[in-house]
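# what's the 3D shape of this:
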Amino acid sequence: MMDFSRAINIIAENVYDIKQKQRYDSVQRRNQTVDMYGYELTGHGTADTPASLGISISQDLIYYSRFEFKIIIENSSSTSFRITIDDIDLTPYFQSQFNGAWIYGNGVYPNKGTANYDVLEAVGYMNEEERNIILEPGYKEVKVYGNGDFDVKFYNYVKYSHCNR
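Okay, the predicted model is just below:
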């Protein structure tokens, strides 16, 4: 048989749990910002295999504030490059951001001061389907293609808001 004081304790704990849950359910959720500044990813590519790099974006994404990157090419015999995100070619969009200047071998790109390749600017010129694929939350696969062997360092600058749980 159950002890009377034990039953009261169980009821009190249940009431406390219910009140806590109601309190959290009634509190407005606040947004939290993720700021990945200068996050480095490295890869190696060949003429047959692209360098594959991954970025993870929260599933409860609310909006992007920044989505940019810089690339450093090293030990390269490659002279022609292409960049995709989730199999969408961003090369022409990035070239247009720098008057046609593009990656042609070893070096830092874009090599115009502190500038970066701006993904948010690029998606402004895409059709809705491509834009949705690029901006969708989740795992983003960035591939760098070249016509020879190369090492790549990818410096990511992503800032976005999401629900704070």
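# all helices of this structure, in order?
4-26, 91-97, 119-123, 128-135 (DSSP state H).
# tell me how far stretch 110-121 is from the chain's mean position?
In terms of CA atoms, centre = their mean, to the nearest Å, the centre of stretch 110-121 is found 16 Å from the chain centre.
# all numbers from here: first residue = 2
Done: numbering now begins at 2, and the last item shifts to stretch 111-122.
# Give the buried residues for it.
Neighbour-count burial for stretch 111-122 flags 111, 117-120 (criterion: 16 or more other CB atoms under 10 Å). C-beta: built from backbone N, CA, C; applies to glycine.
# average pLDDT for it?
If you average the pLDDT over stretch 111-122, you get 86.
# same deal with stretch 72-84?
94.
# Identify the residues contacting that stretch?
Here stretch 72-84 makes contact (CB atoms under 8 Å, 6 or more residues apart in numbering) with 46, 48, 90-92, 95, 103-110, 118, 143-156.
# run the last query once more with 7 Å
Here stretch 72-84 makes contact (CB atoms under 7 Å, 6 or more residues apart in numbering) with 90-92, 95, 104-110, 143, 145-155.
# Which of the residues you listed fall within strands?
The strands, defined by DSSP state E, take in 90, 108-110, 143, 145-147, 151-155 from the contacts of stretch 72-84.
# For the closest residue to residue 69 other than its chain neighbours, which residues are in contact?
Once flanking residues are discounted, residue 69 sits nearest to residue 117: 3.7 Å by CB to CB, 6 or more residues apart in numbering. Listed by CB under 7 Å, 6+ apart, the contact set of residue 117 reads 69-71, 111, 158.
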